[in-house]
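Undergrad: Structural data only, the sequence is not supplied:
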């Protein structure tokens, strides 16, 4: 799992070519996907109207001649589809980046962004908010705080226990704290009103972008950017840390400083995502693997590739979730339905090393 | 083993000591119900509401402790009964030993009479040795359910009164609805959940009375089932005439939210939060408490056909069924919740 496994020399030119292709094609494909997503939905808006709605808001202030559009179509595009698509882009990119970072930090391909209990903590916070019948903003706030608090607890345990391998301690503490929080969620479900709150909890925990508002996107964007910044800035050091603590230190990486910074960044991103969408599994686990297949394990390329793929994947899955049936198919279900079989296929066929 | 033999003999004698008669319940199960029933345990909230309205003196407790707000709307002598948890369905929270300590003569559940619930009833009965009666919880069966239970627990007079009154409410609304052609019935969206984006599909127990009151559930066209999540875009596409929501703040939130404010229902002030005290008017739980909700919804849908003010109907219903004389401020509160925000300006 450490270093570049396999015949690295032979794989490299092919990878570089693929990376180059991805760098050119990826953003173009993503842009196309965004445009398609803005054009399709349950409320019929002709494609021409989508563009006139989009341009009206942008061009009217500049040139001063407002374009007449159906007000409901404008609401659909501005208040429903655009925030949904933006939400999918941001959350998909964030979860994939967090997953790639955690997998590098823990030198383990089975790690996903919720390894340190962030999803469990966010879920507990949200469930508490629903049981207390709080307004939506407060439910999201509690989810965000819950996610951070869970990882904080896990990290504190990791600092307090010094006798074992620090990475192993973190993972085990994450499992234990996650189980504890899961018990708390179960307890609240038992206490919740079965006719009203229990269905709400179930729907929330399955994850959805259905209710994302422009305000939600604006609210999570600062945390997302603040969390992604250290991952991007320290991406070379993640490469070194995936060699192992001692090697990294020998190469001049202050792991005791860098690791908490990276963990905080990835946690912030995941907590912000989960706080508005609920739990969307598998993206942080699968997408970095696919990115690794395409561009190789070098984290400097892996991170942007993961973000691009994650953004595109979640946008596509959300498009499916909201158009496949009149009712919403929860994203958590779809990402698992698509992600888990793919993961099994990857497990069975991939010959290259994981790292 | 003399002790065991004694116990066995006693157990055999037990049915003879407490005279019992065989009854077939709504699920087709044969249940031996004691001749004299003085203590009845409700297996879940719908059964608790039924029992509370029919024979409060025989209630041994609540499946869920009433909240402080709910307590104000309940008869004083029943507010403080113990809470023992739910005994119905998968989500059992009741402790069987604590339940036995309450010494009920009969356990009553109201709701689905399908095979799952029938076998669950059999299990509880086998485990506790207390007869477990499963009654039909469909809204339209309300009068019959009252009469059946009343006859079994010796509350025939009360049952007849409540059954007649239920029939009167059901009939009055059914007559009005029958007179309205299909295309004149309002298209209704029922919003649940913190954001009002969960709803009930066709045939769901949660939307049963929306249809009984003459509304056309917009989600019914999308298939049969229970609860489902929908996207705001779908609600915009439906553009319902009336919205009823479980969240008390929903009408206010909807009016302020650009997403909802363009909807016909919001512009015309036809967004209503469902009153919930002490029991929900439309749902939560789906019990006989929905009778007043039926009258309320029908009045919302066809105001010109219900000249009797809602206030009288509410006061009367709460007196007859819940045995509380509403204080003026309590009635005001219910009516204020039921009225909604009024047309948007």
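TA: In hand now; what should we look at? These figures come from a predicted structure and were not determined experimentally.
Undergrad: mind checking the SS state of the residue nearest the centre of chain B?
TA: Central residue of chain B (CA atoms, centre = their mean): residue B:287, 1.6 Å from the mean position. Here residue B:287 is coil, with the state taken from DSSP: H, G, I helix; E, B strand; the rest coil.
Undergrad: Next one: it from residue B:245, what distance?
TA: 20 Å (CB to CB, to the nearest Å). C-beta: built from backbone N, CA, C; applies to glycine.
Undergrad: Check residue A:118 too.
TA: 32 Å.
Undergrad: Look at these two and report which has more neighbours.
TA: Set residue A:118 next to residue B:245 and count neighbours by other CB atoms under 10 Å in any protein chain shown: residue A:118 wins out with 33 against 24.
Undergrad: just checking, what packs against the strand or helix carrying residue A:182?
TA: Element membership of residue A:182, judged by DSSP states H and E, is helix A:166-191. Where contact means 3 or more CB pairs under 8 Å, 6 or more residues apart in numbering or on different chains; DSSP states H and E, helix A:166-191 is packed against helix A:118-131, helix A:136-160, helix A:197-206.
Undergrad: now with 6 Å?
TA: helix A:118-131, helix A:136-160 (3 or more CB pairs under 6 Å, 6 or more residues apart in numbering or on different chains; DSSP states H and E).
Undergrad: So for chain A, the centremost residue is which one?
TA: residue A:95 (1.8 Å).
Undergrad: which residues touch that one?
TA: A:113, A:273, A:283, A:284, A:310 (CB atoms under 6 Å, 6 or more residues apart in numbering or on different chains).
Undergrad: Give me the lowest-pLDDT entry from those.
TA: Here the lowest pLDDT out of the contacts of residue A:95 sits on residue A:113, with 86.
Undergrad: What number of residues are in the vicinity of that residue?
TA: 31.
Undergrad: Is it correct that it is in contact with residue A:97?
TA: No - the criterion here is CB atoms under 6 Å, and residue A:113 misses it with residue A:97 at 8.9 Å.
Undergrad: tell me which parts of chain A are close to chain B?
TA: A:41-43, A:71-72, A:75-76, A:79-80, A:136, A:190, A:194-196, A:199-200, A:203, A:210-211, A:322, A:326-328 (CB under 6 Å from any CB of the partner chain).
Undergrad: out of those residues, which are buried?
TA: A:41-43, A:72, A:75-76, A:79-80, A:136, A:194-196, A:199-200, A:203, A:210-211, A:322, A:326-328 (16 or more other CB atoms under 10 Å in any protein chain shown).
Undergrad: quick one: which helix or strand includes residue 33?
TA: With no chain named, the answer covers chain A. Using DSSP H and E, the element containing residue A:33 is helix A:8-39.
Undergrad: Chain B, not that one
TA: strand B:30-34.
Undergrad: Check which helices and strands that strand is in contact with.
TA: Applying 3+ CB pairs under 6 Å, 6+ apart, we find strand B:30-34 packed against strand B:20-24.
Undergrad: Who are the contact partners of residue A:154?
TA: A:116, A:117, A:173, A:174, A:177.
Undergrad: Tell me how far the closest residue to chain B within the stretch 51-200 of chain A lies from residue B:204.
TA: Among the residues of the stretch 51-200 of chain A, residue A:195 lies nearest to chain B; the distance is 3.9 Å by CB to the nearest CB. Separation of residue A:195 from residue B:204 (CB to CB): 12 Å.
Undergrad: Check residue B:29 too.
TA: Counting by CB to CB, the gap from residue B:29 to residue B:204 is 25 Å.
Undergrad: neighbour-wise, which of those two wins?
TA: More crowded of residue B:29 and residue B:204, by other CB under 10 Å: residue B:204, with 21 against 18.
Undergrad: check contacts around the more buried one.
TA: Residue B:204 neighbours (CB under 6 Å, 6+ apart): residue B:226.
Undergrad: mind running it again at 7 Å?
TA: By CB atoms under 7 Å, 6 or more residues apart in numbering or on different chains, the contact set of residue B:204 is B:225, B:226, B:227.
Undergrad: ditto for residue A:105
TA: A:238, A:241, A:259, A:262, A:263.
Undergrad: Report the lowest-confidence entry in the residues you listed.
TA: If you rank those by pLDDT, residue A:241 sits at the bottom with 82.
Undergrad: Show residues contacting whichever helix in chain B runs longest.
TA: Under DSSP state H, the helix in chain B containing the largest number of residues is helix B:156-179. Applying CB under 7 Å, 6+ apart, the external contacts of helix B:156-179 come out as B:53-55, B:142-143, B:146-147, B:149-151, B:212-214, B:291, B:294-295, B:298, B:302, B:305, B:320-321.
Undergrad: Could you restrict those to the ones contacting chain A?
TA: By CB under 7 Å from any CB of the partner chain, no member of those lies near chain A.
Undergrad: Give me the pLDDT value at residue 200.
TA: Let's take chain A. 88.
Undergrad: look at chain B instead
TA: As predicted, residue B:200 sits at a pLDDT of 91.
Undergrad: Ok, the one 10 residues further on next?
TA: Per-residue pLDDT puts residue B:210 at 93.
Undergrad: In three-state terms, label it for me.
TA: Classified using three-state DSSP, residue B:210 is helix.
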